[in-house]
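Asks: sequence first, predicted model second:
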Amino acid sequence: MTALTRQPRGTVGVALVLAVFLLAFLVVPVVKVIFVAFQDPASGAFTFVNFVDFFNTALFRESFANSLYVAFMAVLVASVIALPLAYFTTRFNFGGAALIQTLGVIPLIMPPFVGAVAMQLLFGANGSVNLLLDEWFGFTVPFMEGLNGVIFVESIHYFPFILINLSAALNNIDRSLEESAQNLGAHGMRLFRRIVFPLAMPGYVAGASLVFLKVFDDLGTPLLLNVNNMLAPQAYLRISSIGISDPMGYVISVMLVLFSLLSLWTSFLALRGKDYASVQKGGGGLARRDLGGREKVMAYAVVIFVLLIVLSPHFGLALLSFGTIWSYSVLPDAYTLANYREVFETSSQYITNTLLYAGLAALIDVVFGTAIAYIVWRTGVVGRKWLDYLATGALAIPGVVLGIGYLRTFNDITVPFIDKPLASWWVIIVIALAIRRLPYALRACVAALHQVAETLEEAAENLGATKYRSVRRIVVPLMIGGLLAGFVTSFATAAVELSATIMLVTSETDAPLSYGIYVSMQSAAGRGPGAALGMIAVIIVGVATYLSQRVIEKYRREQTMDGQLVPAGGAA
Amino acid sequence: MSTEPVGVTIEDLHLSFGSTQVLKGVNLEIEPGEFFAFLGPSGSGKSTLLRAIAGFGPLPSGRILIDGEDVAALPPWRRNVGMVFQNYALWPHMSVRRNVAFGLEERKTPGTEIRERVDAALELVGLIDLADRRPSQLSGGQQQRVALARTVVVEPRVLLLDEPLSNLDANLRVQMRRDILNLQRQLRLTTIFVTHDQEEANTMSDRMAVLNEGVIQQIGAPMALYDHPANLFVADFLGTANVLRGRFSRPAAGPRFVSEDGIELPLAEPPAANADAGVVVLRPQSINVLARSKPGETGDVVLDGMVRYREFLGAVIRYGVDVGEHLLLVDHGHRPGERVFEPGTEVAVHVDPSHIVSLTE
């Protein structure tokens, strides 16, 4: 990089502010959690006794085993769903490919806990599917029995991570790599085993470890399915029922962080030095062939079957929100708008809170993300890489852990003027959301920054603009499309965050939608309104995702039209 | 490697991508042990033809005979023709050694023999020391050699090279050109290579086929094609050419050509029988510019011209000379200190009739 020798004092100041923010709201709370886990509750001395207690308690051992089991099984089931879909889209000229692409994002729009109860009604012991199975064939399938339910719900929500990563890996295999193997005598299964599979493996492992991490850390789904003998629910229950001084919550937190780090590390190892996307010019992707008539019917049948399952939480949620009573029957008894009316009359604060919190959090993410991206990639501030590492490190911190850390760290800090502990002020929810979404927003900002060639900035400085002015007048306007997309993505995912939120909400008036859904779904009477809240959340997130896709597309079109405005290649 | 080289025959090969016809009736006979080039611009079908021989791409109609056996319907893995891909297509997840061993493993060769032959192949291309590297740790030229070793180690019946030099920089290209040729001579392997670069085709091939729009325009040795192009496309594609359009006549004094704007040229060889209208092709180096006062070679045709511009190309000076309504390009070998003509100078343009190529259209 050039022109890094002299740093304006302003840049260093901004970097310091960012560092303090990340230290205060990410590093300190997490360190605190780890610290407490190794602290004797009575004397405060360093000890392993908490961990010994943890492993001596049958419930915790069982929870630990269950969490591992559920995460592994979810990866397995998600793979079973994702593999054929990835295979169809990359191997065949198949009209359903577009369908699969859409299908790939739909589950990501809604977090698994929202549809969990609806899934119970569709696939539970007395749910629609089992009632029909029993009537027609005389047997039932325990889809939602205990841990099965968690595995089922999680895997149909998170399989897109595998689908997307695996498809990308397959598409990045240069056709000539396959052809050269055929030329040397390999074909069929051997070709697949020796060439295609090893080349696609890193993409698969990256996707699978992401699924593992998401499932292992998830709090909302097991809670709503009333499965409490898993790690995340145990941490939450210990803290919320016994209090923030109970060491077990902290021990579990350490375990959660450890496994998150482990799965991220696996994904890193899988991808490291294996940038097989170094596809040279020419035919990217494997050779595709047309499907025959019968094959086409089969392929569509598989895709539609998967689509039905993937959409069932949305479908069930819609039924639940419009239904009157739905119990021991295939469909609700009657349909009504009463649930929506009730939601808008009594709990509209959930909606406004969500818009406010998620909006603020996304704003913080984009502003901080841009600043970090700029400082890391375009300045020479000492230690700038650490801003990136810290912000990205939030990926490894499960929401429950962050929530516990905030409670422990900020309970003693009183906010001036309102005379409340910081830990129970609504702003802390916004900060938690911002921290949790920052890694994703940061990547979006870095990508947007790379679109802007460094020479464009240098040209502005050459013509007399100060650093600040050239960033404001040249860099940020050129990044705006990417930033908007980052904002919307942060907003959409923050709007349905539950695991940190649930720890930090102190009153219903301050609670966002996700908390409202959780609370409502606890009782049979609240399910209808809860589902209505869920539908509202889905609509908010869906609209936001749609808008961000539009923005990205529009931005791309402009970029290609004005190729000269943003020289190809960009900065290093 | 002891096997006798084999011939390749292609008979009436047609091939389409969807409704686009890419090869339109290709007929070709490649001799055993020959180094043969497919030369043509992009989109001419030369790569498609090569890939069809290897068994890639849509199923063609017609016959592809290797050593007399029709392979057109065989899958790629049953053909035993070795192909080196343009981008080398080395598998990034395998070491150099494992890349080279792959084909032998597929052929169920015993382990000890695999080791020996892989070592021999790597020795042959001078990369034995890098056997345990990953492809990504090699330079472009080294990757090219690994790709070659990987292909020849299985002792294919025919070696196919798809634009083998296009991803190398200029210096390496000249070196690699010789290395590939030496390897081919050493292994006595029937070799076909595809290129869009006439210099590559000229320097490396025994014979070549010039392709355009899915049709073979001409087959022959490089020099023969350059000197006696069968049509305007070949003449133009193999090097800079002055093209004059006009009519042929056959008076008793010998055949003549008169261009549309009245330039008269005697022809050393008569044009094809009963051809009336046609073109003549003059290479810039077969024409000479001299001062009006100087005598030329006896037998030369002398035309009056005026220099319009001058380009210094290093080895030659290229003049653009107005003759009649034509702008003729004339190359004059450059020797230090020799007089050059300024634009606007009136000059005499000398043409040796035996260098004039006449073509019917």
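Replies: That came through, no problem. Numbers count the residues shown, from 1 in each chain, chains lettered A, B, ... in the order given.

Asks: next one: stretch B:14-25, is it in contact with chain A?
Replies: No - using Cβ under 8 Å from any Cβ of the partner chain as the criterion, no contacts between stretch B:14-25 and chain A are found, and the smallest distance is 10.7 Å. For every residue, glycine as well, the C-beta is placed using N, CA and C.

Asks: near chain A, which residues of the stretch 1-150 of chain B are found?
Replies: Counting by Cβ under 8 Å from any Cβ, the stretch 1-150 of chain B sits next to chain A at B:54-56, B:75-77, B:80-83, B:85-87, B:89, B:91-93, B:102-103, B:106-107, B:136, B:147, B:150.

Asks: narrow these to those in strands?
Replies: Here DSSP state E is the test, and the residues of the stretch 1-150 of chain B next to chain A give B:81-83 as lying in strands.

Asks: run through chain A and note the low-pLDDT ranges.
Replies: Counting by pLDDT under 70, the ranges of chain A that qualify are A:1-8, A:273-287, A:463-464, A:556, A:558-572.

Asks: so who does the residue nearest to A:Ala19 when sequence neighbours are not counted touch?
Replies: The spatial neighbour of A:Ala19 that comes closest, neighbours along the chain excluded (Cβ to Cβ, 6 or more residues apart in numbering or on different chains), is A:Leu387 at 6.4 Å. Taking Cβ atoms under 8 Å, 6 or more residues apart in numbering or on different chains as the criterion, A:Leu387 is in contact with A:15, A:18-19, A:22, A:372, A:375-376.

Asks: tell me the domain boundaries of chain A?
Replies: The record's domain split for chain A, according to automatic domain parsing, is A:75-214+A:254-336, A:339-572.

Asks: turn the ones you listed into JSON lines, columns for distance to B:Phe193.
Replies: Listed next are these as JSON lines, based on distance: least, Cβ to Cβ, whole Å:
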{"stretch": "domain A:75-214+A:254-336", "distance to B:Phe193": "15"}
{"stretch": "domain A:339-572", "distance to B:Phe193": "32"}
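
Asks: one step back: are any of the residues of the stretch 1-150 of chain B next to chain A buried, and which?
Replies: Burial by neighbour count, judged by 16 or more other Cβ atoms under 10 Å in any protein chain shown, picks out B:54-56, B:76-77, B:80-83, B:85-87, B:89, B:91-93, B:102-103, B:106, B:147, B:150 from the residues of the stretch 1-150 of chain B next to chain A.

Asks: quick one: which of the residues you listed sit in helices?
Replies: Counting by DSSP state H, the members of these that fall within helices are B:54, B:102-103, B:106, B:147, B:150.

Asks: how close does the residue nearest to A:Ala19 get to chain B?
Replies: Taking Cβ to the nearest Cβ, to the nearest Å as the measure, A:Leu387 falls 30 Å from chain B.

Asks: mind jotting down where the strands sit in the stretch 201-350 of chain B?
Replies: Taking DSSP state E, counting those that start in this stretch as the criterion, the stretch 201-350 of chain B carries its strands at B:207-212, B:215-220, B:242-249, B:256-259, B:264-266, B:277-282, B:287-291, B:301-312, B:316-323, B:326-333, B:346-351.

Asks: ignore the last one, chain A
Replies: Remark: strands of chain A, listed N- to C-terminal, are A:92-93, A:289-290, A:414-415, A:420-421; assignment by DSSP E.

Asks: any chance of those in CSV, plus mean neighbour count?
Replies: Compiled in CSV, the strands of chain A are given as follows (neighbours: other Cβ atoms under 10 Å in any protein chain shown):
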stretch, mean neighbour count
strand A:92-93, 14
strand A:289-290, 10
strand A:414-415, 14
strand A:420-421, 14
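
Asks: what is the end-to-end distance of stretch B:293-312?
Replies: With Cα to Cα, to the nearest Å as the measure, stretch B:293-312 spans 24 Å from end to end.

Asks: still on that earlier bit, tell me the one of the contacts of A:Leu387 nearest chain B?
Replies: If you rank the contacts of A:Leu387 by distance to chain B using Cβ to the nearest Cβ, A:Val376 comes first, at 26.1 Å.

Asks: tell me if I'm right that that closest one and A:Arg384 touch.
Replies: Yes - with contact defined as Cβ atoms under 8 Å, A:Val376 counts as touching A:Arg384 (5.0 Å).

Asks: tell me the buried residues in stretch A:444-460?
Replies: Neighbour-count burial for stretch A:444-460, counted by 16+ other Cβ under 10 Å, picks out A:444-446, A:448-454, A:456-457, A:460.

Asks: nearest to chain B, of those residues?
Replies: Of all the buried residues of stretch A:444-460, the one sitting nearest chain B is A:His450; the distance, using Cβ to the nearest Cβ, is 22.6 Å.

Asks: could you check how far that closest one is from A:Ala168?
Replies: When distances are taken as Cβ to Cβ, to the nearest Å, A:His450 and A:Ala168 turn out to be 18 Å apart.

Asks: tell me the buried residues within the contacts of A:Leu387.
Replies: Using 16+ other Cβ under 10 Å, the buried members of these are A:15, A:18-19, A:22, A:372, A:375-376.
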